[in-house]
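Visitor: sequence and predicted model, in that order:
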Amino acid sequence: MSISPLQKARAAYAPKLPPALAGGANVKVNEGAPTTAVADVEKIRAIFKTTFGSPVLTFEAGGSAAAKAINVGVILSGGQAPGGHNVIAGLYDGLKSLNKTNKLYGFLKGPDGLVKDEYMELTDAIIDAHRNTGGFDMIGSGRTKLETDEQFEAARRHCEALGISALVIIGGDDSNTNACMLAEYFKSHSIPIQVIGCPKTIDGDLKNEWIETSFGFDTACRVYSELIGNIGRDANSAKKYWHFIKLMGRSASHIALECALQTQPNIAIISEEVAEKKMTLGQIVDEIAAVVAARSAAGMNFGVALIPEGLIEFVPEIKVLISELNDLLAANAEKVDAMEKGDKVKFALANLTKESAAVFATLPAGIQMQLCNDRDPHGNVQVSLIETEKMLAEMVATKLKAMKAEGKFNGKFSTQVHFFGYEGRCAAPSNYDADYCYSLGYNAAALIGAGRTGYMSSVRNTTKPASEWIAGGIPITMMMNIERRHGHDKPVIRKALVELDGKPFAFFASKRGEWAKETAYVYPGPIQYFGPSEVCDLVTKTLMLEQSK
């Protein structure tokens with residue numbers, strides 16, 4: 001295949017490892033005290049009878065036991081995140097350090113490959129061609145959930161046919177929940193197949209005391225921040241546009257917060273704060289309009305506003321509206337489906353409660369049409385398709401028009417809207433993600449060598465040089481709680497939302513008033529892979545603030 005000069009140069013980059021793994025994946029294992037779950041302890045204990053309560057593990061160099069040859073399977077699950085290939089490369093190298101005859105099989109197109117027995121053996125040539133590259137194209141990914149006994153049995157059969165004694169599932173909170181369920185099934189049925197998870201998601205919502213960050217977050221935020229910086233400079237050059245930029249992150253606003261810390265926009269909305277303050281859509285629009293008007297009064301008819309993808313679901317009145325719409329449209333599905341698009345909007349306005357109808361009426365016509373017409377197979381509104389950035393831009397324009405009529409705004413307001421999502425998911429990993437991901441994979445091999453199952457690979461202290469990184473593992477059950485999903489109680493890894501009392505948000509909150517008034521944009525530029533450490537080996541502002549004393 002054809003490769004770029006950058007890819008050729010990056011192939012030679014040797015990722016750094018924690019000291020415990022520098023001599024290979026055969027390590028000395030230190031066990032902590034038995035663990036519990038973050039919530040719903042007795043329910044989690046009842047579901048995970050054989051894997052619950054396992055201790056936190058910390059590794060040291062010095063393992064000496066000879067390792068027998070084994071076969072291992074690996075799966076990429078869920079959306080892409082920069083560094084996935086390095087996790088597989090680290091796993092491959094770690095397994096070879098245990099025994100040179102160990103084999104690694106990649107199941108194709110995600111968990112579906114495990115269930116359908118679609119795989120390929122990963123060789124030196126395949127691994128070397130993908131070192132330090134972005135994407136998941138080595139073996140592909142998918143969103144099939146592993147949660148039924150039939151799937152678990154298919155996994156057992158296909159692993160046994162290949163002589164596989166361990167599986168590594170690389171994914172986010174749902175994927176690692178599935179990994180934990182599979183580990184429990186195998187162990188409770190005395191099936192000798194280990195299951196290890198690795199924390200992936202650019203959204204940054206899979207983290208806790210032991211998982212400092214999910215891989216890919218660093219790179220994705222740097223890609224988005226480069227683009228935001230470019231737009232900020234363009235805005236400051238042309239001085240005639242307000243740019244409304246939606247960023248990935250439906251369940252949490254970590255990306256929006258990190259990009260705000262990196263680029264210092266005039267406005268950055270944090271969904272968790274909106275929910276905490278029970279802000280209405282009108283209040284959000286009023287706050288944005290106030291910033292626009294203040295900047296305009298100072299001669300600056302331009303600016304940058306960052307909006308998290310999931311904002312709409314954090315606004316209490318919109319959540320109620322969507323719930324009512326779902327019920328209304330589902331209850332009258334046949335009648336509604338026969339209507340013209342515009343008539344569906346009129347039907348909704350006439351049949352919603354007074355409060356929700358009032359909210360619905362404030363929305364731009366295009367959003368009203370979208371809410372009534374874009375529905376999933378179950379009849380529910382497809383919230384993820386709502387163009388929040390366009391909606392807010394239009395609503396702010398309407399508010400400013402009213403303010404102008406009242407003599408409260410005399411400036412100009414022109415907008416450009418953007419959505420940065422897929423641009424960041426498959427970028428070539430930053431040095432941080434290249435090192436972190438390689439270490440996570442190598443560490444997963446150490447967990448396999450230590451005979452553990454139901455664990456997530458953990459590498460900590462990553463704001464320090466790699467010579468001070470701490471390798472080990474944490475039981476996935478430790479991160480579990482019970483949530484209501486589709487009418488049923490299910491064990492899931494608790495998502496980590498932006499903590500409003502945490503240092504990253506506190507720093508942002510202390511600066512946003514200044515950034516709103518001034519043009520204080522920072523232009524991070526593209527990810528740097530070569531050069532001085534202070535330019536190439538950065539960590540996110542979020543992680544630096546969280547780990548600061």
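Guide: Good, I have the coordinates.

Visitor: just how off-centre is whichever strand or helix holds E287 within its chain?
Guide: Per DSSP states H and E: E287 is located in helix 281-297. Helix 281-297 has its C-alpha centroid displaced from the chain centroid by 30 Å (CA atoms, centre = their mean, to the nearest Å).

Visitor: swap in stretch 198-206?
Guide: The mean C-alpha position of stretch 198-206 is separated from the chain mean by 4 Å, CA atoms, centre = their mean.

Visitor: quick revisit: following the helix holding E287, which helix or strand shows up next?
Guide: With DSSP H and E, the next secondary element past helix 281-297 is strand 303-308.

Visitor: partners of that next one in the sheet?
Guide: Partner strands and pairing direction for strand 303-308 (DSSP bridges) are strand 242-247 (parallel), strand 267-268 (parallel).

Visitor: among the ones you listed, which is nearest H130?
Guide: Evaluated over the strands paired with strand 303-308, closeness to H130 peaks at strand 242-247, with 27.4 Å, by CB to CB. In short, each C-beta sits where N, CA and C put it, glycine included.

Visitor: angle of that closest one against helix 281-297?
Guide: Per axes from the mean of the first three to the mean of the last three CA atoms, to 10 degrees, the angle that strand 242-247 makes with helix 281-297 is 140 degrees.

Visitor: mean confidence score for the helix of greatest length in the chain?
Guide: Longest among the helix segments of the chain by residue count, using DSSP state H, is helix 217-238. In this model, helix 217-238 has a mean pLDDT of 98.

Visitor: who are the packing partners of that helix?
Guide: strand 242-247, helix 254-263, strand 303-308, strand 415-420, helix 431-449 (3 or more CB pairs under 8 Å, 6 or more residues apart in numbering; DSSP states H and E).

Visitor: picking that back up, contact partners of the helix holding E287?
Guide: Helix 281-297 is contacted from outside by 242, 266-267, 269, 274, 301-303, 305, 315, 317-318, 359, 362-363, 392, 395-396, 399-400, 403, 408-413, 516-517, using CB atoms under 8 Å, 6 or more residues apart in numbering.

Visitor: including distance to N178, could the helices and strands packed on helix 217-238 go into a markdown table?
Guide: Listed next are the helices and strands packed on helix 217-238 as a markdown table, based on distance: least, CB to CB, whole Å:
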| stretch | distance to N178 |
| --- | --- |
| strand 242-247 | 27 |
| helix 254-263 | 22 |
| strand 303-308 | 26 |
| strand 415-420 | 28 |
| helix 431-449 | 16 |
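
Visitor: of all those, which one is nearest G232?
Guide: Closest to G232 of the helices and strands packed on helix 217-238, according to CB to CB: strand 303-308, at 5.1 Å.

Visitor: give me the angle between the closest one and strand 415-420.
Guide: 40 degrees.

Visitor: just give me how far strand 303-308 sits from the chain centre.
Guide: 19 Å.

Visitor: likewise for stretch 153-172?
Guide: Using CA atoms, centre = their mean, the offset of stretch 153-172 from its chain centre is 25 Å.

Visitor: can you show me the CA trace of that stretch as CSV?
Guide: C-alpha atoms of stretch 153-172 as CSV (Å, rounded to 0.1, in the frame of the first residue of the first chain):
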residue,chain,number,x,y,z
GLU,A,153,-21.3,-19.6,23.7
ALA,A,154,-20.4,-18.7,20.1
ALA,A,155,-17.4,-16.8,21.5
ARG,A,156,-16.4,-19.9,23.5
ARG,A,157,-16.6,-22.2,20.4
HIS,A,158,-14.7,-19.9,18.1
CYS,A,159,-12.0,-19.3,20.7
GLU,A,160,-11.6,-23.0,21.5
ALA,A,161,-11.3,-23.8,17.8
LEU,A,162,-8.3,-21.4,17.5
GLY,A,163,-6.8,-22.5,20.8
ILE,A,164,-7.4,-19.0,22.2
SER,A,165,-7.1,-18.8,26.0
ALA,A,166,-7.4,-15.0,26.4
LEU,A,167,-9.4,-12.2,24.8
VAL,A,168,-8.6,-8.4,24.8
ILE,A,169,-11.5,-6.1,24.1
ILE,A,170,-10.6,-2.5,23.3
GLY,A,171,-13.5,-0.2,23.7
GLY,A,172,-15.5,2.3,25.7
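
Visitor: in it, which residues are buried?
Guide: Judged by neighbour count (16 or more other CB atoms under 10 Å), stretch 153-172 contains these buried residues: 154-156, 158-159, 162, 164-172.

Visitor: what bits of this protein have low per-residue confidence?
Guide: Applying pLDDT under 70 to the chain picks out residues 377-379, 486.

Visitor: compare the helices and strands packed on helix 217-238 and give me the one nearest K109.
Guide: Going by CB to CB, the one of these nearest K109 is helix 431-449, 19.8 Å.

Visitor: helices or strands up against that closest one?
Guide: Helix 431-449 packs on strand 55-61, helix 84-98, strand 164-171, strand 194-199, helix 217-238, strand 455-460, strand 470-475, going by 3+ CB pairs under 8 Å, 6+ apart.

Visitor: what distance do you get for the residue nearest the centre of the chain to G135?
Guide: Nearest to the mean C-alpha position of the chain, by CA atoms, centre = their mean, lies D203 at 2.2 Å. Look at D203 and G135: by CB to CB, to the nearest Å, they are 18 Å apart.

Visitor: next: V292.
Guide: Relative to G135, and taking CB to CB, V292 is found at 39 Å.

Visitor: which one's more surrounded, these two?
Guide: Remark: of V292 and G135, V292 carries more neighbours, 29 against 19, as counted by other CB atoms under 10 Å.

Visitor: quickly note the distance from that one to S237.
Guide: On the measure of CB to CB, V292 and S237 end up 19 Å apart.

Visitor: pull the number of nearby residues for F419.
Guide: Neighbour tally, F419, other CB under 10 Å: 17.

Visitor: residues contacting it?
Guide: By CB under 8 Å, 6+ apart, the neighbours of F419 are 245-247, 309, 387, 389.

Visitor: ok, and the most crowded of those?
Guide: Of the contacts of F419, with other CB under 10 Å as the count, L247 tops at 29 neighbours.

Visitor: mind listing what T219 touches?
Guide: 82-83, 134, 202, 424, 427-430, 432-433, 527.

Visitor: buried ones only from the contacts of helix 281-297, please, as a PyMOL command.
Guide: Filtering the contacts of helix 281-297 down to the buried ones (16+ other CB under 10 Å) takes a single PyMOL command:
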select buried, resi 242+266+267+269+274+301+302+303+305+315+317+318+359+363+392+395+396+399+400+403+409+411+413+516
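
Visitor: filter the contacts of helix 281-297 down to just the ones in strands.
Guide: 242, 267, 303, 305 (DSSP state E).

Visitor: doesn't F302 make contact with the first one?
Guide: This points to W242. Yes: between W242 and F302 there is a contact at 6.2 Å, judged by CB atoms under 8 Å.
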